[in-house]
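> model the structure of this input:
(chains A and B)
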Amino acid sequence: NAGVTQTPKFQVLKTGQSMTLQCAQDMNHNSMYWYRQDPGMGLRLIYYSASEGTTDKGEVPNGYNVSRLNKREFSLRLESAAPSQTSVYFCASRGNQPQHFGDGTRLSIL
Amino acid sequence: LAKTTQPISMDSYEGQEVNITCSHNNIATNDYITWYQQFPSQGPRFIIQGYKTKVTNEVASLFIPADRKSSTLSLPRVSLSDTAVYYCLVGDISGGYNKLIFGAGTRLAVHP
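Numbering: from 1, shown residues only, chains lettered A, B, ... in the order given. Below you'll find the predicted structure:
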């Protein structure tokens, strides 16, 4: 089915390890987004990419980097994971209609 | 950025109509109102979006009064599968969705 695919679905890291979360969409959307969701809270925007070749900071960018590899793919990297980054990470894409979200990556940092 | 206020939780029964009201007193002229639904272990799903008056689609209706300081999401004849968290977002979407802020949402529980 068409949509937003996130990998991996689950991951456990140790403090200080690095990790790249992958996101790919097959809807030919220009804009892509990375959010994090902590328990009982709404989503917070980490980074977004309005179009291929551009990226911008969102509300909570510290500790993260992103790469818009091509129009389809937008990755999120944690260079040195910290326990405070334990969360569920959602990727979204958008064309002319409102956002489509992936089903998330559950990341635990010990 | 317009701040929104929603009830933390609501309960309903199958077959009833559910109305979830969102307050956004500081809404700006260019802001739209967008509602998302989120099931456990899934990403949010777009439900409906509007600017003023009433918008209806196959899933829900959105009522926006003339002053636009609040909006009401109406779900007709809910079923158990409508149990989810519902988010009201307000913001200028002309430049993208990066300005929309998710609050804690309203947790709707539908009972048999």
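
> which stretches of the chain have low pLDDT?
In the absence of a named chain, this looks at chain A. A:1-2 (pLDDT under 70).

> not quite, go with chain B.
Low-confidence segments of chain B, defined by pLDDT under 70: B:1-2.

> for beta bridges, what are the partners of the most centrally placed residue in chain A?
The residue lying closest to the centre of chain A (CA atoms, centre = their mean) is A:Trp34, at 3.3 Å. As for beta bridges, A:Trp34 partners with A:Tyr47, A:Cys91 under DSSP bridges.

> thought A:Arg68 was touching it, still the case?
No. If you go by CB atoms under 8 Å, A:Trp34 and A:Arg68 don't touch, sitting 10.7 Å apart. Placement of C-beta: from N, CA and C, glycine included.

> so which bits of chain B are right by chain A?
B:34, B:41-46, B:49, B:87, B:95-98, B:101-105 (CB under 8 Å from any CB of the partner chain).

> if you set the cut-off to 6 Å instead, what comes out?
When proximity is defined as CB under 6 Å from any CB of the partner chain, chain B approaches chain A at B:Gln42, B:Gly43, B:Pro44, B:Phe46, B:Gly96, B:Tyr97, B:Asn98, B:Phe102, B:Gly103, B:Ala104, B:Gly105.

> what's the ChimeraX line that selects buried ones from those residues?
This is how ChimeraX selects the buried members of the residues of chain B next to chain A, with burial counted by 16 or more other CB atoms under 10 Å in any protein chain shown:
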select /B:43,44,46,96,97,98,102,103,105
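
> make TSV from the residues of chain B next to chain A and add secondary structure to it.
Formatted as TSV, the residues of chain B next to chain A follow (DSSP: H, G, I helix; E, B strand; the rest coil):
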residue	secondary structure
B:Gln42	coil
B:Gly43	coil
B:Pro44	coil
B:Phe46	strand
B:Gly96	coil
B:Tyr97	coil
B:Asn98	coil
B:Phe102	coil
B:Gly103	coil
B:Ala104	coil
B:Gly105	coil
